[in-house]
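Novice: Quick one, what's the 3D model for this:
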Amino acid sequence: MAFKSKTSSSIGTSGSATTVTDTVAASTTHTIIGLSLSNKTTSNITVTASITKNSGTLTFLVKDATVLPGGALVVIGGDQKLVLEAGDVVQAYSSASTSADAVVSYLV
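Specialist: Numbers count the residues shown, from 1 in each chain. Okay, the predicted model is just below:
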């Protein structure tokens, strides 16, 4: 297993959700050990993160959570882990255009 990270900057609104993880390749899994969403504006924003399974099923990890100016929300971290299977992705969006950044740490 190898540790990896991915960043996504200037996350947009729900009409243009950003995929913050790589799509998991066939016959593999990724274990997310950290997912943080930060607010880079001077106003409150809300953020949403979801997992879309290969089957097309969308499940929210967090929905419309408020993040204060300059603050961050740890969606996955500490004792929490999330296993992604082949074809799965995690997406995020914000209430304001280009207002959030994401950092994902995972094991391959």
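Novice: how near is the residue of the chain most remote from its centre to residue 94?
Specialist: Within the chain, residue 27 marks the point farthest from the mean C-alpha position, 22.2 Å out by Cα atoms, centre = their mean. Separation of residue 27 from residue 94 (Cβ to Cβ, to the nearest Å): 34 Å. C-beta here means a position set from N, CA and C on the backbone, and glycine is covered the same way.
Novice: again with residue 20
Specialist: Taken as Cβ to Cβ, the span from residue 20 to residue 94 is 12 Å.
Novice: Tell me where the chain has strands.
Specialist: Along the chain, the segments classed as strands by DSSP state E run 3-11, 18-19, 30-39, 45-52, 58-67, 72-76, 82-84, 89-94, 100-107.
Novice: want to try JSON lines for the ones you listed, with mean neighbour count as columns?
Specialist: Shown next, in JSON lines, are these (neighbours: other Cβ atoms under 10 Å):
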{"stretch": "strand 3-11", "mean neighbour count": "14"}
{"stretch": "strand 18-19", "mean neighbour count": "16"}
{"stretch": "strand 30-39", "mean neighbour count": "20"}
{"stretch": "strand 45-52", "mean neighbour count": "20"}
{"stretch": "strand 58-67", "mean neighbour count": "13"}
{"stretch": "strand 72-76", "mean neighbour count": "19"}
{"stretch": "strand 82-84", "mean neighbour count": "18"}
{"stretch": "strand 89-94", "mean neighbour count": "23"}
{"stretch": "strand 100-107", "mean neighbour count": "22"}
